[in-house]
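Peer 1: pasting the sequence and the predicted model now:
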Amino acid sequence: METQDAAEVREIEEIIRRALVEDIGSGDVTSTWTLPADLRLRGKIVAKAPGIVAGLEVARRVFAAVDERITFRCRVADGSPVSRGDVLATVHGPARSILSAERVALNFLQRMSGIATLTHRYVEAVQGTKAVILDTRKTAPGLRVLDKMAVRLGGGKNHRFGLYDMVLIKDNHIAAAGSITAAVQRVRAHNQAGLPIEVEVKNQDELREALELGVHRIMLDNMDPDQMRQAVALAGGRVELEASGGITLDNVAEIARTGVDYISVGALTHSAPALDISLEAEAEVVGTLAEYQTLSEGEVFARIREAKSELGAALVILGHHYQRDEVIQFADYRGDSLELSRIAAQARDARYIVFCGVDFMAETAAMLCAPEQIVCLPAHSAVCPMAQMADVDQAQVAWQHLTALWGDDLLPVTYQNSYATLKAFCGQKGGAVCTSANAQAILRWALGEKGHVLFFPDEHLGRNSALAIGIPAAEIAIWDPADPEASRDAARRATVVVWKGYCHVHTFFTVEHVEKVRRQYPGIQVIVHPECPAEVVARSDSNGSTSFIVRTVESAPPGSAFAIGTEIHLVARLAKENPDKVIVPLARSLCGAMYRINPYNLSYTLDHLLADDPVNVVRVSPDISRWANLALQKMLAVK
């Protein structure tokens, strides 16, 4: 909707209030007596004829005034051209309320769209000239603010709004005052506010008189094109000229070519036919997940596309690189956990964020988002096994043992693949969260702050990152939560203590896999994820986060060959998207947790969002979020 000031908004809301009182009165007896109170509808507002749509924001306000539980989503913007059959907006909510608001909303929408459509036709007709199409005060009583808004949305401009914001001296004023000069002199004696003055003239003699008075604009009333051309020549650019009276679509182009500055057309608001627009509604029923799973692939894909289209900017879908292709195709953004965390933190305009990843990723998104935003994980069973390998109680035990050795010369760092409670633990202790993309940088930061680091929950990422920044292997110890005493003794001479946890996807890869692929593809480059065991990383050509792997492959010259040690869906996608390169998996290793998200539970989740009944919502308590966000902010800040 175009920008409006507060006074205009209040006036529109008052117009809506009066219209609803007029139509609904003491209540919609038909809807109340025929429809169950809990019945919900989903509907589409559809254009039945081509035109320019105007009044969608007004319609939205009508539905909201009747029932705030109604969700109204625009599919096009006010002022947009539409074709027959185009969906202009969708509505979801209580059936009684939607049907009670329907007529008033459509009345405004049809009238305003009709005005905008007719205005657009006039504007198109004068293209290539300097003429500007203006409206008049010939509007429906009580609806002027809406009629004039519709003219603007159709591409026209507004003439004076009322009798108070511009002086327009017409024939009756002139007759009563005695002459044009007398009328103008009397106006100037009172015009303390300096309102613009326009004078209506019927012939060249009156035009000459008006030109001597220095008014702002002169209206050429009911002149033919030849007379207008003479008037333009006589005025010589000294004053704005406005053509008025007898303007039609048949003659407006000829009038514009006379050289006048403005053409005012009363028909824009008093004779515009309403644009045919209707509401098509049906009972809103979201089936069970089991029912969704009976749909064909084509049917579920179509439902997802429709839901995405209806939700529009209110929805952002994030897809991790390891997600299956059937799901990733619907992602608005895809990336690794660091990239998607940053996107989640920046997606302030979206009401809903659907995270197609695993549980800890959705938790992070929920903590980084605004409180009013809703984060959903299509499958609550998408649980990361590694995140479950370290809980906050075990971390507290380890902390007590290690601070007994080193006092406060210790900082905790947790991999992003951990739960919010462990992130909050790190935040409380002044530590940080890291991802595989910035684990080395975070370790450098932490060791710049303190002498020792406790790294959760991935032994291999912790070890590989420590080795990469120059920590000797002898100064890296393993913390086994099942044996705290032995772990404490082993850590006495350590600089970095790594938690005994692992990713089953990446620990699947072995040195034998590396040797085998080198025999099969001589000269191939081996890239692995740093969650792989240290001996596999040592035998590879390079290692890095999923984003690092993607960038390396995409930037390589044609003909390059890579064996990639990470989740199979990413490897297969890279091979598909880079056909000019040889890309093979080091071995086939699948993330079962990621695989639990599929098109069926994604569609089920999106349809519930359409019904304003979110499911699979991920929430983190404010206290946990507060501390975890301290650690997360370090993750986002450190490159």
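Peer 2: Perfect, I can see it now. Numbering: from 1, shown residues only.
Peer 1: average pLDDT across stretch 443-457?
Peer 2: Along stretch 443-457, the predicted confidence averages to a pLDDT of 97.
Peer 1: output the below-cut-off pLDDT ranges for this structure.
Peer 2: Judged by pLDDT under 70, the chain has its weakly predicted residues at 1-4, 285, 639.
Peer 1: tell me the domain ranges of this protein?
Peer 2: Per the record, the chain has its domains at 6-129, 289-383+599-629, 387-502, 509-588, by automatic domain parsing.
Peer 1: out of the ones you listed, which comes closest to residue 211?
Peer 2: Ranking the domains of the chain by proximity to residue 211 (CB to CB) places domain 6-129 first, at 22.4 Å. Bear in mind the C-beta positions are built from the backbone N, C-alpha and C, glycine included.
Peer 1: for the residue lying closest to residue 129 once chain neighbours are set aside, give me its contacts.
Peer 2: Excluding the flanking residues, the one nearest residue 129 by CB to CB, 6 or more residues apart in numbering is residue 256, at 4.0 Å. Under the criterion of CB atoms under 8 Å, 6 or more residues apart in numbering, the contact list for residue 256 reads 125-126, 129-131, 263.
Peer 1: could you rerun that using 10 Å?
Peer 2: With contact set as CB atoms under 10 Å, 6 or more residues apart in numbering, residue 256 has these partners: 122, 125-133, 225, 228, 243, 247, 262-263.
Peer 1: so which of those are in strands?
Peer 2: Counting by DSSP state E, the contacts of residue 256 place 132-133, 243, 262-263 in strands.
Peer 1: which of those residues has the most neighbours?
Peer 2: Within the ones in strands among the contacts of residue 256, neighbour counts (other CB atoms under 10 Å) peak at residue 243, which reaches 28 neighbours.
Peer 1: what residues are bridge-paired with that residue?
Peer 2: Counting by DSSP bridges, residue 243 forms beta bridges with residue 220, residue 263.
Peer 1: helix or strand for the nearest residue to residue 171 once chain neighbours are set aside, which one?
Peer 2: Nearest-residue entry for residue 171: residue 200, 6.1 Å, with adjacent residues in sequence omitted and distances by CB to CB, 6+ apart. Secondary-structure assignment from DSSP states H and E places residue 200 in strand 197-201.
Peer 1: strands paired with that strand, and their directions?
Peer 2: Strands that pair with strand 197-201, judged by DSSP bridges, come out as strand 167-169 (parallel), strand 217-221 (parallel).
Peer 1: output the last one as CSV, nothing but the C-alphas.
Peer 2: What follows is strand 217-221 as a C-alpha-only set of coordinates in CSV (Å, rounded to 0.1, in the frame of the first residue of the first chain):
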residue,chain,number,x,y,z
ARG,A,217,-3.4,27.5,-13.1
ILE,A,218,-6.0,28.2,-15.7
MET,A,219,-8.8,25.7,-16.5
LEU,A,220,-9.9,25.6,-20.2
ASP,A,221,-13.6,24.7,-19.8
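Peer 1: in it, what counts as buried?
Peer 2: Judged by neighbour count using 16 or more other CB atoms under 10 Å, the buried positions of strand 217-221 are 217-221.
Peer 1: with stretch 601-609 instead?
Peer 2: Of all the residues in stretch 601-609, those buried under the rule 16+ other CB under 10 Å are 601-609.
Peer 1: then stretch 228-245?
Peer 2: Judged by neighbour count (16+ other CB under 10 Å), stretch 228-245 contains these buried residues: 228-229, 231-232, 235, 239-244.
Peer 1: pipe the strands paired with strand 197-201 into a markdown table and attach distance to residue 579 per row.
Peer 2: Listed next are those as a markdown table, based on distance: least, CB to CB, whole Å:
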| stretch | distance to residue 579 |
| --- | --- |
| strand 167-169 | 70 |
| strand 217-221 | 66 |
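Peer 1: so for residue 100, which of the ones you listed sits nearest?
Peer 2: Of all the strands paired with strand 197-201, the one in closest proximity to residue 100, counting by CB to CB, is strand 167-169 (41.6 Å).
Peer 1: what's the first helix or strand after the closest one?
Peer 2: helix 171-177.
Peer 1: next structured bit after that following helix?
Peer 2: Downstream of helix 171-177, the first helix or strand assigned by DSSP H and E is helix 180-190.
Peer 1: send me that next one as PDB with only the CA atoms.
Peer 2: C-alpha atoms of helix 180-190 as PDB (Å, rounded to 0.1, in the frame of the first residue of the first chain):
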ATOM      1  CA  ILE A 180     -12.400  37.200 -13.200                       C
ATOM      2  CA  THR A 181     -10.300  40.100 -12.000                       C
ATOM      3  CA  ALA A 182     -12.700  41.000  -9.200                       C
ATOM      4  CA  ALA A 183     -13.000  37.400  -8.100                       C
ATOM      5  CA  VAL A 184      -9.200  37.000  -8.000                       C
ATOM      6  CA  GLN A 185      -8.700  40.300  -6.100                       C
ATOM      7  CA  ARG A 186     -11.200  39.200  -3.400                       C
ATOM      8  CA  VAL A 187      -9.600  35.800  -3.000                       C
ATOM      9  CA  ARG A 188      -6.200  37.400  -2.500                       C
ATOM     10  CA  ALA A 189      -7.600  39.700   0.100                       C
ATOM     11  CA  HIS A 190      -8.400  36.600   2.200                       C
END
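Peer 1: which other helices and strands contact it?
Peer 2: Applying 3 or more CB pairs under 10 Å, 6 or more residues apart in numbering; DSSP states H and E, one finds that helix 180-190 makes contact with strand 167-169, helix 171-177, strand 197-201, helix 204-211.
Peer 1: most distant residue from the middle of the chain?
Peer 2: Farthest-out residue of the chain from its mean C-alpha position, per CA atoms, centre = their mean: residue 178, at 61.8 Å.
Peer 1: give the contact list for residue 372.
Peer 2: For residue 372, the contact set (CB under 10 Å, 6+ apart) comprises 348, 351.
Peer 1: for residue 603, same thing?
Peer 2: If you count contacts by CB under 10 Å, 6+ apart, residue 603 has them with 289, 292-293, 295, 299-307, 330, 378.
Peer 1: now, of these, which are buried?
Peer 2: The neighbour-count test (16+ other CB under 10 Å) marks 289, 292, 295, 300-301, 303-304, 306-307, 330, 378 as buried among the contacts of residue 603.
Peer 1: tell me which of those residues fall in helices.
Peer 2: Helix and strand membership here follows DSSP state H; of the buried ones among the contacts of residue 603, those in helices are 289, 292, 300-301, 303-304, 306-307.
Peer 1: ok, back up a step: tell me the one of the contacts of residue 256 nearest residue 516?
Peer 2: When these are ranked by distance to residue 516 (CB to CB), residue 127 comes first, at 69.5 Å.
Peer 1: doesn't residue 580 make contact with residue 574?
Peer 2: No: between residue 574 and residue 580 there is no contact under CB atoms under 10 Å: 11.9 Å.
Peer 1: between those two, which one's more packed in?
Peer 2: Neighbour count, other CB under 10 Å: between residue 574 and residue 580, residue 574 has more, with 21 against 9.
Peer 1: can you list the buried residues in the helix or strand that one falls within?
Peer 2: The secondary structure element spanning residue 574 is helix 568-577 (assigned by DSSP H and E). Of all the residues in helix 568-577, those buried under the rule 16+ other CB under 10 Å are 568-575.
Peer 1: alpha carbons only: can I get it in PDB?
Peer 2: Once side chains and other backbone atoms are set aside, the C-alpha atoms of helix 568-577 remain, and they are given as PDB (Å, rounded to 0.1, in the frame of the first residue of the first chain):
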ATOM      1  CA  ILE A 568      26.000 -38.100   0.200                       C
ATOM      2  CA  HIS A 569      23.200 -35.700  -0.800                       C
ATOM      3  CA  LEU A 570      25.600 -32.800  -1.000                       C
ATOM      4  CA  VAL A 571      28.100 -34.800  -3.000                       C
ATOM      5  CA  ALA A 572      25.400 -36.000  -5.400                       C
ATOM      6  CA  ARG A 573      24.000 -32.400  -5.800                       C
ATOM      7  CA  LEU A 574      27.500 -31.000  -6.500                       C
ATOM      8  CA  ALA A 575      28.000 -33.700  -9.200                       C
ATOM      9  CA  LYS A 576      24.700 -32.800 -10.800                       C
ATOM     10  CA  GLU A 577      25.200 -29.000 -10.700                       C
END
